[in-house]
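S.K.: This is a predicted model, with the sequence first.
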Amino acid sequence: MGTLLIILSFSLFSQTKNVVIMDEKINKNVMIGYCDRSGLEQGVFGTYFTSQNELYFPKEGTIKKITEVINKVKITIVFATWCSDSRLQVGRFYKILDETGYKEKNLTVIGVNRDKNALSVNIENLKIDRVPTFIVYHNDKEIGRIVESPKKSLEDDLWKIIKKVN
């Protein structure tokens with residue numbers, strides 16, 4: 001009976017989004033596993049997410065180009081609520097997705113702890129060294145990623161990746 005309860009609990013945990021746990025390594029609550037916008041907009045991380053989303057103004061010309069192909073790709077975001085770069089970039093990235101009409105059904109968002117572990121979500125194959133990492137896929141093949149901070153700007157770096165998709 002105890003084993004069954006553990007299995008059922010793990011199964012429920014793996015299906016739940018926006019789970020917050022205490023990361024004992026840093027003694028802070030962190031969002032872990034699969035997340036969505038509603039979770040990102042909550043709590044302390046939500047303050048950063050909302051402010052960066054509202055205050056970021058991507059270049060209109062680049063947004064227009066991205067809009068033409070953005071829904072031909074799938075995107076995975078791996079981030080951490082404890083990470084200053086995630087606090088800065090994730091809300092901004094969502095602004096780009098919003099302005100381009102990206103369909104969120106093609107977006108996967110995964111929160112990690114300080115060890116870059118998502119617990120019930122196996123992300124080992126994603127080879128995450130730093131967060132946030134924005135991974136872009138076309139036809140289920142990775143075509144590029146933005147790691148930690150953009151080289152030029154989020155929208156320019158994203159365009160550089162997806163312009164190959166036409």
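M.R.: Arrived safely, thanks for sending. Residues are numbered from 1 along each chain as shown.
S.K.: shouldn't residue 26 be in contact with residue 81?
M.R.: No: with contacts defined as C-beta atoms under 8 Å, residue 26 does not count as touching residue 81, sitting 10.4 Å away. Every C-beta, even on glycine, is put in place using the N, C-alpha and C of the backbone.
S.K.: Between those two, which is the more surrounded one?
M.R.: Using other C-beta atoms under 10 Å, the more surrounded residue of residue 26 and residue 81 is residue 81, with 27 against 13.
S.K.: Which secondary structure state does the more buried one sit in?
M.R.: coil (DSSP: H, G, I helix; E, B strand; the rest coil).
S.K.: Wait, a strand at residue 32?
M.R.: Yes: using three-state DSSP, the assignment for residue 32 is a strand.
S.K.: OK, contacts around it?
M.R.: Residues in contact with residue 32 (C-beta atoms under 8 Å, 6 or more residues apart in numbering) are 19, 20, 21, 111, 112, 113, 118, 119.
S.K.: quick one: the helices in this structure?
M.R.: Taking DSSP state H as the test, the helices found in the chain are 2-15, 37-40, 43-55, 60-67, 84-100, 154-162.
S.K.: how about a markdown table for those helices, with mean neighbour count, distance to residue 74 and mean pLDDT added?
M.R.: Compiled in a markdown table, the helices of the chain are given as follows (neighbours: other C-beta atoms under 10 Å; distance: least, C-beta to C-beta, whole Å; pLDDT from 0 to 100):
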| stretch | mean neighbour count | distance to residue 74 | mean pLDDT |
| --- | --- | --- | --- |
| helix 2-15 | 10 | 20 | 42 |
| helix 37-40 | 18 | 16 | 96 |
| helix 43-55 | 16 | 21 | 95 |
| helix 60-67 | 16 | 15 | 98 |
| helix 84-100 | 21 | 12 | 98 |
| helix 154-162 | 20 | 11 | 98 |
